[in-house]
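Engineer: Pasted the sequence and its predicted model underneath.
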Amino acid sequence: MSLLTPAKSVIGEPEVVEDDRPITQLVEDDRPITQLVEDDRPITQQPAWLALKDAVSQLQPLQAQDGSVADPAHRDHAAELVASVAEAIASLAPLFPHDAAYLSACVVDLHRWADSGFGVPDFLDSLVTFQPQRDRVDGLRHLVVFPMYTQNGSRDRHLEAVLCEVIWPEFIAELEHTYTNGLFVSLRLLDFTSGYDTNSAVLFPETVAMREIPAFTWGAIFQDREAARFRRVVGAASEITKLDVPEGVARMLTDQGLTEQTFVMWDLIHDRSHMRGDLPFDPFMIKQRMPYFLYSLEELRCDLTAYRECVGIAARLSARADQGEELTDAEREMLDHARLVQYAVLFDRIFRFAITGTRVRNYDGLGGQLLFAWLHQRGVLHWTDTALAFDWDDVPAAVIALSDAIDRLYWESIDRPKVAHWLAAYELVRGVVTPHPASVWARGLPDEVLAGAPKGYTDAVLDDEFPLSMFFEALDKKMHGVISSTAGITSRDG
């Protein structure tokens, strides 16, 4: 396989919570905790969870964007709400014994925040004790409470609460032996506060309010949300474009669990690909301001790497089966999902990514446009008689050719100055997707920009440097309501 380098472990011992009393003693020493966990009703209907969710929802409007409670008149009420949150966490904690240290630390951080006057919150101590990557067990649940912003959601660093469970089927555990990714956590949303009633489908530690940046040891993706969005969007788009979907796609459109597991496999390989291959020095490009089309290429590169690897996995397992070798149950699941990942990458990129979000530096949107145009220009995607069709036997080679082109760009980048790499990347994209007629980049950057600082290059990029094609303009109009309806979607809605 082309991905061979094992992930370096950055998982360290969690910091010790200074207050080591049992969590039941960390709420208020002068009163017992109200018993809010009752009978065998689902956890999302437990009074403790409902009380926690309600208190967080009341607290959020009192918080400034940085998470503080700036108005002194609101602090007494905020203190009451934080006490309710802490009490609910303590009541629910016995349901999450694997997270006992984290939940205890979270209660301590809540009280410290209130006792210090509700300045900018600092939940570093509880963050470093939350280590979900250590217990990747299918169905294992987590209660997560942090002041944080949510990517593709709220930019306010408000207190949020999430109930979720791990998605980790046997074949994924087997796959991870080869595609090692010890930091990757796959989750399903059960319930959440307003920050996740949005398009956000990730839980990243770097979004939490904290006094200093630790070594991050995990990153989580809510595959149920991704799967539900895929099913709704692709189902509608295939009808609008009169696409006769392959049998595998038809199965995903009717089976949420199958689609969730497909996205787990895709994201497992995608996530590890960010740090593998012949890369520019900083492949994430998150600490520098760069033209947004570079983000497009990086995200698309990782998706196409997942596609390429799944083509290889399917070929190897199919060859073994054709030779009469008996595959294990996990291998049969892996074979099936490797084929489905290829469809998921293709259709999610084309139908959802390309027309989701604003036209302001939409790097995921551009990646979808690029993939569509590449396949059309190579004659394996057809829009004829107002119907979409694919030459399925030829699609994998065309997709892998785009992957090769991006890999070649990256391989060459180490020998180029940064801005020369930017120019080369632009030429790759503009060779497939037509730039805006007013683009300064397309006409050629003036000498004063070329001789100046990188900031000048970035400033010259239009917000919508690569507008939607006529195909996507028309599709966007027909799909706008469907795309909007996926905000906050979960497996229950898909």
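Structural biologist: Cool, the structure landed.

Engineer: Convert stretch 201-208 to CSV, retaining C-alpha atoms only.
Structural biologist: Presented in CSV, the C-alpha positions along stretch 201-208 are these (Å, rounded to 0.1, in the frame of the first residue of the first chain):
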residue,chain,number,x,y,z
ALA,A,201,-19.7,17.7,11.9
VAL,A,202,-16.5,17.7,13.9
LEU,A,203,-15.3,17.9,17.5
PHE,A,204,-11.8,19.2,17.7
PRO,A,205,-9.9,20.0,20.9
GLU,A,206,-8.4,23.2,19.4
THR,A,207,-11.8,24.8,19.5
VAL,A,208,-12.0,24.7,23.3
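
Engineer: Pull out the buried positions in the helix ranked longest in the chain.
Structural biologist: For the chain, the helix with the greatest residue count under DSSP state H is helix 292-322. Neighbour-count burial for helix 292-322, with 16 or more other Cβ atoms under 10 Å as criterion, is recorded at 292-311, 313-314, 317. No exception for glycine: its C-beta is placed from N, CA and C like everyone else's.

Engineer: tell me the mean pLDDT for stretch 462-471?
Structural biologist: Across stretch 462-471, the average pLDDT comes to 97.

Engineer: which residues make contact with it from outside it?
Structural biologist: 291-293, 354-355, 359-362, 366, 369, 372-373, 383, 429-430, 433-436, 438-441, 476 (Cβ atoms under 8 Å, 6 or more residues apart in numbering).

Engineer: In this model E206 seems to touch F216, though I could be wrong.
Structural biologist: Yes. In this structure, F216 is within contact of E206 by Cβ atoms under 8 Å, at 6.3 Å.

Engineer: for the stretch 201-350 of the chain, what are the low-confidence residue spans?
Structural biologist: Within the stretch 201-350 of the chain, the stretches with pLDDT under 70 are 281-288.

Engineer: Now, the contacts of stretch 462-471 that are in helices?
Structural biologist: Members of the contacts of stretch 462-471 lying in helices (criterion: DSSP H): 292-293, 366, 369, 372-373, 429-430, 440-441, 476.

Engineer: could the residues you listed be laid out in a markdown table, adding distance to V69?
Structural biologist: Shown next, in a markdown table, are those (distance: Cβ to Cβ, whole Å):
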| residue | distance to V69 |
| --- | --- |
| Y292 | 35 |
| F293 | 41 |
| L366 | 40 |
| Q369 | 43 |
| F372 | 47 |
| A373 | 49 |
| V429 | 45 |
| R430 | 49 |
| V440 | 46 |
| W441 | 45 |
| D476 | 41 |
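
Engineer: Show me which of the residues you listed is closest to V245.
Structural biologist: Taking Cβ to Cβ as the measure, V245 lies nearest F372 of those, at 16.1 Å.

Engineer: who's in contact with the closest one?
Structural biologist: Here F372 is in contact with 349-350, 354, 381, 469, 471-472 (criterion: Cβ under 8 Å, 6+ apart).

Engineer: residues near G182, how many?
Structural biologist: As a burial measure, G182 scores 18 neighbours (other Cβ atoms under 10 Å).

Engineer: For the residue nearest to the spatial centre of the chain, give the beta-bridge partners.
Structural biologist: The structure's the chain has its C-alpha centroid closest to V202; by Cα atoms, centre = their mean the separation is 4.2 Å. V202 has these beta-bridge partners by DSSP bridges: I221.

Engineer: For the closest residue to G488 other than its chain neighbours, grab phi and psi.
Structural biologist: Leaving out its chain neighbours, the residue that sits closest to G488 by Cβ to Cβ, 6 or more residues apart in numbering is D197, at 4.1 Å. Dihedral pair for D197: phi -90, psi 50, per degrees, to the nearest 10.

Engineer: From F353, how far out is D197?
Structural biologist: Distance, D197 to F353, using Cβ to Cβ, to the nearest Å: 21 Å.

Engineer: Of those two, give the one with the bigger neighbour count.
Structural biologist: Neighbours per residue (other Cβ under 10 Å) separate D197 from F353, with F353 holding more: 25 against 15.

Engineer: Quick one, grab the pLDDT at the more buried one.
Structural biologist: F353 is assigned a predicted lDDT (pLDDT) of 95.

Engineer: tell me the contacts of it?
Structural biologist: By Cβ under 8 Å, 6+ apart, the contact list for F353 reads 364-365, 367-368.

Engineer: Perfect, that will be all.
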